[in-house]
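Novice: The following comprises the amino acid sequence and a computationally predicted model.
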Amino acid sequence: MPARVHAILVVRPDGRTPAAYHLRRTLAALSEQTRRVDVLTIVLCGGDDTLAEVARSSAAESVVTAPASTGFATAASLVTPRVDGDAVWLLAQDTAPEREALTRLAGALELSPSAAMAAPKLVRWDDRSEIVSLGVTMTALGRSVGLADGELDQGQHDGRDDVLGADVRGLLVRTDAWRELGGLDEALHGADEGLDLGVRAHLAGARVALAPSALVATAGDGVAGLPTPLTGQRRRRIAYAQRVAQLHRRLVYAPAIAVALHWLAILPLALWRTVVDLVRKEPGSILPEWGAAAVAMVRPAAVARSRRRLAATRRTGWAQLAPLRVSSSEIRERFGEDPVEPIAGASRRGDLRFFAGGGAWLVLAALLLSIAAFTALLAWPVLGGGALQPLRSTVALLWADAVFGQRALGLDTIGPADPFAAVMAVLGSLSPWEPSRAIVVLWVLALPLAALGGWFAASRVTERSVLRLTVGALWTLSPALLIALTHGRPAAVLAHLLLPWLFLAGSVAHRSWAGAGTTSLLLAAVLAAAPVLAPALVVLWAASIVLAVVLRGGRGVARIVWTVIPTVALFGPLIWSAIRRGELWGLLSDPGVPWAGPQVGADAAGRALLAAGIPTADLAGWTGILPEGPVWWVPLLAAPIAVLALAAPLTQRWAAGVVLLGITALGMGTAFAAVGIAVSFDQSLPVSIWPGTGLSLAWLGAVGGAVVTLDAGLAPRVQVLRGLLATVMIAAAIVLAYPSLTAMARGVTPLANGPESTLPAYVAAEGRDDPDVGTIVLTPQNNGGVSAQVVWGGSETLGGQTTLLSTRTEPAPEDQGMAELAADLVTSSAENVVADLADRGVAFVLLAPALAPESDAARTMRLSATTSLDQRDSLDAVGETTKGSLWRVTTELGERPAVAASVHATAAALGAIQTAVLIAGLLLALPTAASRREARRTPRVVGPHWQEGR
């Protein structure tokens, strides 16, 4: 047994912990030891007056002061020259040993003459039945692993007496070994200090003995060892310190020939571990990872010192440590899958019952309904009409339209792509051999996809199968969806299909990073298809942050904040461009083809129809079916849903009802604000924002609220009434949907078979695979003017549209140049206009027909323009086509205006940032075994519900 023990007690104040209380308890525990310490030295880090008074009033022989930033290893080294005794006992303010602790530790050293140090059993400060640490080992790659951390103390490890290392807190080290080994390594940043000391002791031919009967209580202040991970800041500090220590030890322990290789691998490993952290849903570890990598790379001097210290005392090989390391199988056994247990107070998640509950049958029924309603589409290769246009012919061109650079429209339009172009690129990539067919497939599958999304969204509201079926059916029969389908509005269709999935993921985004990652991608897609929903969704996002702060003490706020990051990355360049142009309102315009299709007016009658969920003035098509009959009853078909939704806040699940009514109000507010507001233009016609996407959001909230009423507002045994009310809602929705479902059969829809190109076939063939073939399209206007647009490639496309042009209210220099070219072309006075076109790479001139019915002014303009174009020697008349009159430029063509190098650099930088953010969101969204286990511990339904399993 050591004759004299010198205790080193390091104290550092921490504003988050009661340091003075911990210090008093530790000093009291030292004074009560059955084997007293012979010398006590206190190292006071910082200038806390209270701690200084406590230290001075203690039995310490001396009090050493040090700066507040001094680490435990440095503080211990300050006392090393004056150590007086046969053993050094390493303590901190929050390590209170029990009465027999020092006796047992000293006894372990006496029984093991070859042991350089003895380690106690660390237990929780307020619960000695939980082990904090009892020995530390490491993997083959150097990661430290606690042998019993967090386990309940049932004596299961008391038979172990030899370990690779131990937690530095409470460690009793022989003084000769302490001096020979050089003490603790200050470059470890407070992590793995005891493990590293143990490794060096073993390589010096000594052992590390365990004394499980010696108990030391620790509060985890972080003065010595790692702090208890109670807060996000502490968790990041732990991750940083552990990674710094691991990288430092790797460089120190590696053979000299491999040190450079390990150093070069630090940054690639940081990138790989970033991907792994995202897949593991631990994004909080990314910044500590890169910080640790940077620190490890810039400390060659610290590595050299540590390697010299290790080499000076090493007497055995690394093979001697192999039995004390932990293997991969032992890691899997220790950290394997835990049994799924629900969170205290929460309902255990039941089976989804998609097949048993009728969800699959609902999707099948919706598919059959879609085939019956859109039978002709099964034979169409391309879908046209309304706001529909073909997609690019290749996947490469699809994605080229989705990045910053030259746009596919305009004389030389350079700028950011609309985020909707990325959505079209994803959709077209699903059919790479024929991208335009993906739109046809989307139209055919829209109803079953809506049924599927509605059914899954309902799983967040109710456990009852019949009510989930009701939500799926009502979402499928929504007037906003069916009218968007029959009128040819792809952006509105996509927004409606994505909204229930956004609700499904967004309602639990605060719970897990998997939910937050999924929500972030869906939110970006929804806003790309329906930017007008941005104000409403921002309100919901801000409200969710407030609720997380108020109800959850801030837990989950970081996840909620992340949900908007991909959207900001996608829209950021477009927002910046709009700010520079002074056209912020244009950001709310409908993406894709500007189309002034039918919709309700901004008068009282139009707003009344919006309140009933109908976005068109023809009462969802009923005025066409009953042109002379009464149609006043059509808006009343939405009354059952509205009445039940309004009753949701009066049920036992009033909180869910209030939230869903809030969603309804935001959707209605969006539709009311959008109707009649024009922020984009189709040639000379202003195009109002489509209110249907706002109605889709309102329909989601209203249907959800109605289901909450049926789920929690009726007595448990009133099954008949519940089924009857659900049947009434579905029947009313079917009646409301009848005109839209029969529109194609009655021939009253603008949907058409193709065309495969908006340009003549001759031009389409030339530009199919060459995006630099230019065509200037001249369209006489019914007001007497002429519209001019340059189309690059074989066709205008959905992904090639840009709000940079469609929302422009002030002419840019290129617009003025376009106007001059158009004016010169339609008049015979200008002589060099065709040469100017050729120099810019424009190969064709198309005189398109005016919007029907053609006015006299438009006819006069068309005839005048035809005469002027026919008279030009450098234009060769190709002939009349279904798209208009076509001429080919016969002079030698120049190249399309070149793009500056700065544009390519900007595109590369923005593309890298956006890709990185989207990949991060995708990696977070990918499910893992751990994320699935975590999800099963929480109820599927959000908010309390009075009865489950139905």
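Specialist: Structure received.
Novice: Now find how far off-centre stretch 96-104 is within its chain.
Specialist: Averaging C-alpha coordinates over stretch 96-104 and over its chain gives two centres that are 50 Å apart (Cα atoms, centre = their mean, to the nearest Å).
Novice: count of neighbours near Ala408?
Specialist: 23 (other Cβ atoms under 10 Å). All C-beta atoms are positioned from the backbone trio N, CA, C, and that covers glycine.
Novice: right, and it touches Pro771 too?
Specialist: Yes: under the criterion of Cβ atoms under 8 Å, Ala408 lies in contact with Pro771, with a separation of 6.9 Å.
Novice: joint contacts of those two?
Specialist: Taking Cβ atoms under 8 Å, 6 or more residues apart in numbering as the contact rule, Ala408 and Pro771 both touch Trp792, Gly793.
Novice: in a strand, that's where Ala491 is, yeah?
Specialist: No: counting by DSSP: H, G, I helix; E, B strand; the rest coil, one finds Ala491 to be helix, located in no strand.
Novice: Please name the nearest non-neighbouring residue to it.
Specialist: When the adjacent residues along the chain are set aside, Ala491 lies closest to Ala529, with 4.6 Å between them (Cβ to Cβ, 6 or more residues apart in numbering).
Novice: can I assume the one you found is in contact with Pro591?
Specialist: Yes: proximity of Ala529 to Pro591 meets the contact threshold set by Cβ under 8 Å, at 6.7 Å.
Novice: Overlap in contacts, the two.
Specialist: Residues touching both Ala529 and Pro591 (Cβ under 8 Å, 6+ apart): Phe420, Ala491.
Novice: For the residue nearest to Ala491, give me its contacts.
Specialist: If you count contacts by Cβ under 8 Å, 6+ apart, Ala529 has them with Phe420, Val423, Ala491, Ala492, Leu494, Ala495, Leu498, Pro591, Thr693.
Novice: Show me which of the residues you listed is closest to Ala611.
Specialist: Ala611 lies nearest to Thr693 out of the contacts of Ala529, by Cβ to Cβ, at 16.1 Å.
Novice: Packing partners of the helix or strand harbouring Ala908?
Specialist: Per DSSP states H and E: Ala908 is located in helix 901-925. Contacting helix 901-925 under the criterion 3 or more Cβ pairs under 8 Å, 6 or more residues apart in numbering; DSSP states H and E are the following elements: helix 266-279, strand 405-406, helix 513-529, helix 565-581.
Novice: quick one: average confidence on the third one?
Specialist: Think helix 513-529. Summarised as a single mean, pLDDT over helix 513-529 is 96.
Novice: for the first one, same thing?
Specialist: Taken as a whole, helix 266-279 carries a mean pLDDT of 92.
Novice: cool, and the second one?
Specialist: Mean pLDDT, taken over the full extent of strand 405-406, equals 92.
Novice: After the longest strand that the chain contains, which helix or strand is next?
Specialist: Taking DSSP state E as the assignment, the strand of the chain that covers the most residues is strand 207-218. Using DSSP H and E, the next helix or strand after strand 207-218 towards the C-terminus is helix 232-253.
Novice: Tell me how far the helix holding Ala908 lies from the chain's centre.
Specialist: Averaged C-alpha coordinates place helix 901-925 at 14 Å from its chain's average position (Cα atoms, centre = their mean).
Novice: repeat for stretch 200-211
Specialist: Taking Cα atoms, centre = their mean, one finds the center of stretch 200-211 at 47 Å from the center of the full chain.
Novice: List the buried residues of it.
Specialist: Buried residues in stretch 200-211, counted by 16 or more other Cβ atoms under 10 Å: Arg200, Ala201, His202, Leu203, Ala204, Ala206, Arg207, Val208, Ala209, Leu210, Ala211.
Novice: Stretch 773-792 too?
Specialist: Using 16+ other Cβ under 10 Å as the burial criterion, the residues of stretch 773-792 that qualify are 773-782, 786-792.
Novice: So which of those belong to helices?
Specialist: Assigned to helices by DSSP state H, none of the buried residues of stretch 773-792 qualify.
Novice: Pretty sure Ser696 sits against Ala492.
Specialist: Yes: using Cβ under 8 Å, Ser696 is in contact with Ala492, at 7.4 Å.
Novice: any common contacting residues for the two?
Specialist: Ala480, Leu481, Ala530.
Novice: What backbone torsions are found at the last one?
Specialist: What it means is Ala530. Comment: the main-chain dihedrals of Ala530 come out as phi -140, psi 80, following degrees, to the nearest 10.
Novice: Can you name the residues that contact it?
Specialist: For Ala530, the contact set (Cβ under 8 Å, 6+ apart) comprises Ala491, Ala492, Ala495, Asp590, Thr693, Ser696.
Novice: quick one: least confident of these?
Specialist: In terms of pLDDT, the lowest of the contacts of Ala530 is Asp590, showing 94.
Novice: Need the nearest residue in space to that one, chain neighbours excluded.
Specialist: Sequence neighbours aside, Trp690 is the residue nearest to Asp590 in space, at 5.1 Å (criterion: Cβ to Cβ, 6+ apart).
Novice: sec struct for that neighbour, please.
Specialist: Using three-state DSSP, the three-state assignment for Trp690 comes out as coil.
Novice: List the contacts of it.
Specialist: Under the criterion of Cβ under 8 Å, 6+ apart, the contact partners of Trp690 comprise Ala484, Arg489, Ala491, Ala492, Val532, Asp590, Gly597, Gln599, Pro615, Ala674.
Novice: same check, this time on Ala578
Specialist: Leu584, Gly586, Leu587.
Novice: how far away is the closest residue to the last one other than its chain neighbours from Leu269?
Specialist: If I follow you right, that is Leu587. By the measure of Cβ to Cβ, 6+ apart, the closest residue to Leu587 outside its immediate chain neighbours is Ala578, 5.3 Å from it. If you measure Ala578 against Leu269 using Cβ to Cβ, to the nearest Å, the figure is 41 Å.
Novice: Show me the contacts of Ala529 that map onto helices.
Specialist: Phe420, Val423, Ala491, Ala492, Leu494, Ala495, Leu498, Thr693.
Novice: just checking, Arg35 is part of a strand?
Specialist: No: assessed by three-state DSSP, Arg35 does not belong to a strand; its assignment is coil.
Novice: Correct me if wrong: it contacts Thr103.
Specialist: Yes: under the criterion of Cβ under 8 Å, Arg35 lies in contact with Thr103, with a separation of 4.2 Å.
Novice: so how far is Arg249 from Ala187?
Specialist: For Ala187, the distance to Arg249 (Cβ to Cβ) stands at 9 Å.
Novice: er, Val728 actually
Specialist: Using Cβ to Cβ, we find Val728 at a distance of 70 Å from Arg249.
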